[in-house]
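K.L.:
Quick one, fold the following:
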Amino acid sequence: MARVTYVQPDGSEKTCTNFEGMAVMHLAIGNLVDGIDALCGGVRQCGTCHVYVDDAWIERVGPPGEDEAIMLDALSDAIAVTAGSRLSCQIHITEELDGLRVHIPKEQPGV
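P.N.:
Now for the predicted structure:
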């Protein structure tokens, strides 16, 4: 099991524990984390699960895949896309990501 900490725009935090293989998005939804809307259910179609991976974790999490990068680029007019931008539905938690911190944006696209 691994822990993920979700940091809200106001700085408040919620740490959740998951089972290996679960997506950061599914863990957030299952634990009622505010700001992760996930309207498409995790198929890279809406961007409403966008998070900013904490700077200390960007390298360990790795870059977005090709389809995810295309979606983030398409969203860049509506949201601030940074080096840490990821769709939380595409980050699958492993033991190596125990302690992961992600920051939830103030607003999700289209919400």
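K.L.:
Run through the residues that contact the most centrally placed residue in the chain.
P.N.:
Note on the chain: the residue nearest the mean C-alpha position is S88, at 2.8 Å, using Cα atoms, centre = their mean. Shown in contact with S88 (Cβ atoms under 8 Å, 6 or more residues apart in numbering): A23, V24, M25, A28, I36, A38, C49, H50, V51, V102. Backbone N, C-alpha and C define where each C-beta goes, glycine included.
K.L.:
Tell me, what's the model's pLDDT at the second one?
P.N.:
On pLDDT, V24 comes in at 96.
K.L.:
was I right about it contacting I93?
P.N.:
Yes: V24 is within contact range of I93, at 6.3 Å (criterion: Cβ atoms under 8 Å).
K.L.:
Can you check which residues contact both of those two?
P.N.:
What both V24 and I93 touch, as defined by Cβ under 8 Å, 6+ apart, is the set V4, L100.
K.L.:
any weak-confidence spans in this protein?
P.N.:
110-111 (pLDDT under 70).
K.L.:
now the strands: where do they sit in it?
P.N.:
2-7, 13-18, 50-53, 85-87, 100-103 (DSSP state E).
K.L.:
Out of these, flag the one nearest E66.
P.N.:
Smallest distance to E66 across the strands of the chain (Cβ to Cβ): 12.6 Å, for strand 85-87.
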